[in-house]
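> Sharing a sequence plus its predicted fold:
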Amino acid sequence: MEILSIETSCDETAAAVIEDGKKIMANLVSSSRDLHDKTGGVIPEAAAREQVKCMIPIINQVQISLRQNSGQAMFKIQNVDAIAVTVGPGLIGSLLVGVETAKALSMVLNKPLIPVNHIFAHIYANFLNQSSNPQFPAIALVVSGGHTELFYMEDEKTLRWLGGTLDDAAGEAFDKTARLLGLGYPGGPAIATEAAKCKMQNARPPAWQAKCKIKLPRPMINSKDLSFSFSGLKTAVIREAGHLQEIKQLNNLTIAKLANEIQEAITDVLVKKTLDAVIKYKVKSILVGGGVAANKRLTEKFQSEIKQLKLGIKLYVPPPNLCTDNAAYIGSYAFFHNKPVHWAKIQAQPDLEVEV
Ligand code: KG4
Ligand code: ZN
């Protein structure tokens, strides 16, 4: 079964064709990131205006890419078996671009239309182009710009929400603290790059190390539930940066040190809570998805803790280009949750929930 999938929930305009939920036939993303880099965050109207310009050309590009790269020289969009589209959660203007395009295609081509929840769909990046399938039951962690959610997965189709953030999401914590440090947008990759410079600091004298000691909180790391909270990190970073400024030590080296500690704090909490869920629910795999899953330190920590605790489970993390927003995982989710709805009944749902 071939599905044409469309994703426009935030600042990306993306389209893909996925075969049987697993094989990527074509997958293209057009991002308006450069536009938002200047403002340090996404301006919803600017994003939607950009998406209006890119939507139809990117579907056309998917068609061309599929003809050129998949040996289907005669491929036409009308050959697909169904259309899938992200209906929420996300920015209303952005969602409308994708949803209304998908409805028009569904009506004109007379194809079933499958509405997709973007947050659940992130997990399905782990099924794409894989030689082996994840073993179930599993714990899934979705860490994106707006969400930090843990799910129990009985099998490929059944998801149960276990807990999530009470305030800011992990990606939001990266973005907000990066902005405070003047590191640009998106904050996650910017913080990771800065943190990597931290090695240079081992050469500094112990007196400097003591003076510039930076320790951030790990919010709710030992709470007994599966909730998260990241909003306090921003306040803690403001306090630390203020202290460094007072002692005239807010410079490139200490900014790298702060970035490193931000990355350590966020990843410590994500790994600890996920492994708490793994132990509680006795699962066989962990599936991570969402933009923050592209963070290498997060994967490193998961691997080392799984080994240290002798859990004997397998960790699945998609390649970086499938962690951040794209339409491929929308097509995969739609294959496993193939519940078409008539186009006239489909609407953009900016506040779509994940608690099921
Ligand atoms: O899933 P995504 O592309 O969009 C949403 O659905 O929100 O996630 C975007 C988030 C941003 O907060 C961004 O800073 C974060 O993912 N991100 C990262 C990395 N790459 C993207 N965070 C940490 N490390 C990264 N390498
Ligand atoms: Zn996303």
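Arrived safely. Ligands and ions are numbered 1, 2, ... in the order given.

> For Phe136, see how far away Gly291 is.
Computed as CB to CB, to the nearest Å, the Gly291 to Phe136 distance reads 25 Å. From N, CA and C alone the C-beta is placed, and that goes for glycine too.

> Looking at the two, which is more packed in?
Gly291 (26 against 16; other CB atoms under 10 Å).

> Check whether the more buried one really touches Val143, as I assumed.
Yes - using CB atoms under 8 Å, Gly291 is in contact with Val143, at 7.3 Å.

> Common neighbours of the two, please.
Applying CB atoms under 8 Å, 6 or more residues apart in numbering, one finds that Gly291 and Val143 are jointly contacted by Gly171.

> and for the helix or strand in which Lys307 is found, what are the contacting residues?
Element membership of Lys307 [criterion: DSSP states H and E] is helix 296-308. Identification of contacts with helix 296-308 by CB under 8 Å, 6+ apart yields 143, 192, 195, 263-264, 267-268, 270-271, 274-275, 286, 288, 292-293, 313, 315, 317.

> Out of these, name the ones that lie in strands.
Among the contacts of helix 296-308, the members found in strands (DSSP state E) are 143, 286, 288, 315.

> How many residues are close by the first one?
If I follow you right, that is Val143. The number of residues packed near Val143 is 30, by other CB under 10 Å.

> OK, contacts around it?
Listed by CB under 8 Å, 6+ apart, the contact partners of Val143 are 169-171, 270, 288-293, 298.

> tell me the contacts of Asn69?
Asn69 touches Ala26, counting by CB under 8 Å, 6+ apart.

> Check the contact between Asp225 and Gly163; I expect there is one.
Yes - in this structure, Asp225 is within contact of Gly163 by CB under 8 Å, at 6.1 Å.

> Next to ligand 2 in this structure, residues from the stretch 51-200 of the chain, please.
Ser144 (CB under 5 Å from the ion).

> For the stretch 51-200 of the chain, which segments count as strands?
Along the stretch 51-200 of the chain, the stretches classed as strands by DSSP state E, counting those that start in this stretch are 82-88, 113-117, 138-143, 148-153, 159-164.
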